[in-house]
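Asker: okay, here's the prediction I keep looking at, along with the sequence it came from:
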Amino acid sequence: MKSPKELSLERAILKQLHGLALPTAVAEVLFADEELQQLQEYANIVSIRRLGYNDHGPVHMRMVALNALTMLNLLHEKGIRTSLEQDEAGNFEDSVCGVLLAALLHDLGMSVSRQDHEHLSVILAQPAINHALKTVLPQDLARRVAIRAIATEGIFGHMGTMRIHSLEAGLILVGDGCDMTKGRARITLAVKTGSQVGDIHKYSANSIESVKIMPGEEKPVRIDVEMTENVGFFQVEEVLMQKVSMSPARMHLELYAGVTGEPRKRYL
């Protein structure tokens, strides 16, 4: 059974797809995939209970999808072409599919290990990618190959440790970094464990009140982070900014952060 939060995020994701036929079909295949759901949930068990990290499960992966799709749509509205469009290897809907697939599958490797989990995610994601694309594009091998490659790059590059080159993969990187609100740390803080590696992530995330993605004033996308305590700047500077700096989407972003009631600090 999916949680109310997962179902709410799925509705929000479908809304961000704006009725585009191909991405909507891909989303429906992924949301109905019971094995994928179980894999996402087990990744969260490993992340939270075994390793003491914050949420890396079905809610997080859906949140990353919503973040990345929101940014992709803001860029599209401003006439920014995706990498598939620029390469003439696909259209906007293909790019949306690639972003959706990458976001919903990027942390599957957490079901095995934190170390190099992006590499493991690439391996574990391939059956789901192939199943979804063969279901919705059974006769179009060229498009399937292009979308799969973009999705794989997004998964492979989401930790910011590997150089990526597509706008689509860059949005996964930033969308992942933007999921750092206090709700993501709630379960981890409730689990009684001793001090361990990763504690700073859950305490800093618990101070993040909101992360809003909206149209920018000077650039197409503005990311605004509001926090209740200064410890939240760890999430912004050591997690989000590290990912933004490696993202091909960086030139299109504005980033602000600050404690509630205090002036915002501008990073980009």
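Answerer: Looks like it arrived, so ask away.

Asker: and stretch 204-222, what's buried?
Answerer: If you call a residue buried by 16 or more other Cβ atoms under 10 Å, then stretch 204-222 has these buried ones: 204-208, 211, 213, 216, 219-222. (Each C-beta comes from the backbone N, C-alpha and C, glycine too.)

Asker: er, stretch 39-48 actually
Answerer: 39-41, 43-44, 46-48.

Asker: pull that stretch out as PDB, backbone CA atoms only.
Answerer: The C-alpha coordinates for stretch 39-48 follow below in PDB (Å, rounded to 0.1, in the frame of the first residue of the first chain):
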ATOM      1  CA  LEU A  39      12.700  -1.900  -4.300                       C
ATOM      2  CA  GLN A  40      12.200   1.800  -3.400                       C
ATOM      3  CA  GLU A  41      10.800   0.800   0.000                       C
ATOM      4  CA  TYR A  42      13.700  -1.600   0.700                       C
ATOM      5  CA  ALA A  43      16.200   1.200  -0.300                       C
ATOM      6  CA  ASN A  44      14.600   3.300   2.500                       C
ATOM      7  CA  ILE A  45      15.000   0.500   5.100                       C
ATOM      8  CA  VAL A  46      18.700   0.200   4.300                       C
ATOM      9  CA  SER A  47      19.200   4.000   4.300                       C
ATOM     10  CA  ILE A  48      17.300   4.700   7.500                       C
END
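
Asker: what does that stretch contact?
Answerer: For stretch 39-48, the external contacting residues (Cβ atoms under 8 Å, 6 or more residues apart in numbering) are 53-58, 60-61, 107-114, 124, 187-188, 191.

Asker: buried ones among these?
Answerer: Looks like the contacts of stretch 39-48 have 53-58, 60-61, 107-112, 114, 124, 187-188 buried, using 16+ other Cβ under 10 Å.

Asker: can you flag which of these belong to strands?
Answerer: Using DSSP state E to define strands, no part of the buried ones among the contacts of stretch 39-48 is located there.

Asker: tell me which stretches of the stretch 1-150 of the chain form helices.
Answerer: 4-16, 21-31, 34-45, 58-77, 83-86, 92-105, 117-136, 141-156 (DSSP state H, counting those that start in this stretch).

Asker: pick the most deeply packed of these.
Answerer: helix 92-105 (a mean of 28; mean count of other Cβ atoms under 10 Å).
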